[in-house]
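K.L.:
Let me see the structure of the following:
(one chain, ligands or ions: 2)
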Amino acid sequence: MENFTFYSPTFFAFGKDTENQAGEYVKRFGGTKVLIHYGGGSVIRSGLLDRVKASIEREGLSYVELGGVKPNPRSGLVYEGIDLCKKEGVDFILAVGGGSTIDSSKAIAAGTIYDGDFWDFYQGKRIENALPVGTILTIAAAGSEGSPDSVITKEEGMLKRGASGDAIRPKFSILNPALTQTLPAYQTASGATDIMAHLYERYLTNSKDVEVTDRLIEALLLTMKHETPRVIADPDNYEARANIMWAGMMAHNNSCGVGRSQDWNSHNIEHELSALYDCAHGAGLAVTMPAVFKYVMNHDVMRFAKVAVRVWGCQMDFDHPEVTALEGIEAFRNFLISIGMPKNFEELGAKKEDIPKLVEVLCRGDGRDGTISGFVTLDEDDCTMIYEMMV
Ligand code: NZQ
Ligand code: ZN
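P.N.:
Numbering: from 1, shown residues only. Ligands and ions are numbered 1, 2, ... in the order given. Purely as a prediction, here's the structure:
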């Protein structure tokens, strides 16, 4: 196991009706004037936004609001949010929604107290200061409720990039699984896929003797394998949604990733797809991961065979571990298809003729040196072949 630090100070309130305490938590974490930030309207239709506003008013706090965050959130609305916060003297950002709303909130929180252009943070500058952020999560997926990360798309060039820093870790996150019951099945499945991707990205490691995190990841993958079909079959299954929601947090607050190198090639390869085609991030990952895994599996075939046996129930073939490894990847792919995820470029809405463009932005965008690195370092030819495997 490698040396590590672990810092995850988010306060979590989990369970039914917890959104009604939003005002108390904003006050506890120092907010007096709140920006309530939300997405395309699901929180209005469900009545959640009204309950949150009532909770803030009960505490005698004032607020302004800004809706309209799109999935794969854009820089334009971030600039608007920064201007609004400066003008109104906002001192706390409350995100009500999914990963996109939370990430947009984090960007506004960092940008409001920064003299330069907030996009600097998405080009490698670490976020050291930000307004405090709280979240009320409505979809189990991105893990942004417990992560120090934010992913934003710059409209100009449709560049989708991430920024990081402990300053944007949410001060509190309210997780009520019942709020996820209004999700369309496709979004539930995309979220589940993203959660599983966060686990796989950490499982694919070059570090040795990381049994505790290996086992935690396997346990969470098994949970997702068990619970996801249950919520797809019965969207109102609160208990299954509860397990998925906490698994989503655990998958990405890095408790499973400490002391080990991690991959993230699948995420980088996928981000170009959701940037160009505006597809759901999880759906993009469903098409990306099997291709990446097949392409890199010989780098450590026993690692893929291990997850195949321990999670996907495959029989270990000691003479031909590559057969077991491949069976595990196929089992994962079939699982994703069974929950309604796309299996190829066509179903995702991606186009073969765009591959050179995807590879160019992936490997050369932002001054990158022609490679992306993770479990395996991949160059432009590798990435081209991986995208071609997805067609
Ligand atoms: O905008 P509204 O109307 O709210 O609708 C949303 C949106 O259309 C809808 N939705 C959310 N909760 C709902 C609901 N509809 C009905 N009932 C509910 N309870 O679902 C759609 C997707 O929402 P979004 O916030 O985009 O989903 P998700 O949480 O998957 O976030 C995806 C974004 O997070 C980024 C992704 O790249 C993508 O941009 N990621 C962020 C990470 C992080 N900050 O740590 C890590 C991830 O790997 C990921 O990259
Ligand atoms: Zn993700």
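K.L.:
And stretch 274-288, what's buried?
P.N.:
Neighbour-count burial for stretch 274-288, counted by 16 or more other Cβ atoms under 10 Å, picks out 274-277, 279-288. For the C-beta atoms, the positions are set from N, CA and C on the backbone; glycine is no exception.
K.L.:
Can you pull the residues of the stretch 151-300 of the chain lying near ligand 1?
P.N.:
For the stretch 151-300 of the chain, the contact set with ligand 1 under Cβ under 6 Å from any ligand atom comprises Val151, Leu179, Thr180, Thr182, Leu183, Gln187, Gly191, Asp194, His252, His267, His281, Gly282.
K.L.:
5 Å instead?
P.N.:
Residues of the stretch 151-300 of the chain that fall close to ligand 1, judged by Cβ under 5 Å from any ligand atom: Val151, Thr182, Leu183, Gln187, His281.
K.L.:
Show the buried residues in these.
P.N.:
Val151, Thr182, Leu183, Gln187, His281.
K.L.:
Which of these fall within helices?
P.N.:
Gln187, His281 (DSSP state H).
K.L.:
Identify the farthest-apart pair in the buried ones among the residues of the stretch 151-300 of the chain next to ligand 1.
P.N.:
Pairwise distances across those (Cβ to Cβ) peak at 23.7 Å, for the pair Val151 and Thr182.
K.L.:
can you map out the strands along this protein?
P.N.:
Along the chain, counting by DSSP state E, strands occupy 11-14, 33-38, 62-66, 92-97, 133-137, 149-154, 159-164, 172-175, 371-372, 378-379.
K.L.:
And the helices in the stretch 101-250 of the chain?
P.N.:
Under the criterion DSSP state H, counting those that start in this stretch, the stretch 101-250 of the chain carries helices at the ranges 185-203, 211-233, 238-252.
K.L.:
Gly60: which of these is closest?
P.N.:
Across the helices of the stretch 101-250 of the chain, Gly60 has its closest neighbour in helix 238-252 (30.4 Å, Cβ to Cβ).
K.L.:
So which residues make contact with that closest one?
P.N.:
Helix 238-252 is contacted by residues 12, 14-16, 137, 140-147, 173, 175, 177-178, 180-181, 191-192, 194-196, 198-199, 216, 220, 223-224, 227-228, 230-231, 234, 256 when judged by Cβ atoms under 8 Å, 6 or more residues apart in numbering.
K.L.:
ranking the strands of the chain by mean pLDDT, which is last?
P.N.:
Among the strands of the chain, strand 159-164 has the lowest mean pLDDT, at a mean of 92.
K.L.:
how big is the angle separating it from strand 149-154?
P.N.:
Using axes from the mean of the first three to the mean of the last three Cα atoms, to 10 degrees, the inter-axis angle of strand 159-164 relative to strand 149-154 is 150 degrees.
K.L.:
residues in contact with strand 159-164?
P.N.:
72, 106-107, 110, 121-123, 125-127, 148-154, 271-272, 274-275, 361, 365-366.
K.L.:
May I have the strands that pair with it, each with its orientation?
P.N.:
Strand pairing for strand 159-164, determined by DSSP bridges: strand 149-154 (antiparallel).
K.L.:
Quick check: Val133 touching Val96?
P.N.:
No: Val133 is not in contact with Val96 according to Cβ atoms under 8 Å; the separation is 11.7 Å.
K.L.:
Just give me the closest of the buried residues of stretch 274-288 to ligand 1.
P.N.:
Nearest to ligand 1 among the buried residues of stretch 274-288, counting by Cβ to the nearest ligand atom, is His281 at 3.8 Å.
K.L.:
Any figure for the gap between the closest one and Thr180?
P.N.:
16 Å (Cβ to Cβ, to the nearest Å).
K.L.:
Next, count neighbours for Asp366.
P.N.:
Asp366 has 11 neighbouring residues, counting by other Cβ atoms under 10 Å.
K.L.:
per-residue confidence for it?
P.N.:
79.
K.L.:
which non-adjacent residue is nearest it?
P.N.:
Gln123 (6.1 Å; Cβ to Cβ, 6 or more residues apart in numbering).
K.L.:
so where's the stretch 251-391 of the chain uncertain?
P.N.:
Applying pLDDT under 70 to the stretch 251-391 of the chain picks out no residues at all.
K.L.:
Contacts for stretch 116-126 next, please.
P.N.:
If you take Cβ under 8 Å, 6+ apart as the criterion, stretch 116-126 is touched by 75, 78-79, 82, 107-108, 110-111, 114, 127, 152, 154, 161-165, 366.
K.L.:
When you filter those residues down to buried only, what's left?
P.N.:
75, 78-79, 82, 107-108, 110-111, 114, 127, 152, 154, 161-165.
K.L.:
before we move on, back to that, output the buried ones among the residues of the stretch 151-300 of the chain next to ligand 1 as a markdown table; include the columns distance to Asp381.
P.N.:
As requested, these are exported to a markdown table (distance: Cβ to Cβ, whole Å):
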| residue | distance to Asp381 |
| --- | --- |
| Val151 | 27 |
| Thr182 | 44 |
| Leu183 | 39 |
| Gln187 | 35 |
| His281 | 25 |
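K.L.:
ok, the buried ones among the residues of the stretch 151-300 of the chain next to ligand 1 vs Lys87, which is closest?
P.N.:
The shortest approach to Lys87 among those belongs to Val151, at 26.1 Å (Cβ to Cβ).
K.L.:
wait, that closest one sits on His271?
P.N.:
Yes: using Cβ under 8 Å, Val151 is in contact with His271, at 7.3 Å.
K.L.:
Quick check: closest non-adjacent residue to Tyr7.
P.N.:
Asp166 (6.1 Å).
K.L.:
Trp312: which of the strands of the chain is closest?
P.N.:
Nearest to Trp312, of all the strands of the chain, is strand 378-379, at 24.6 Å by Cβ to Cβ.
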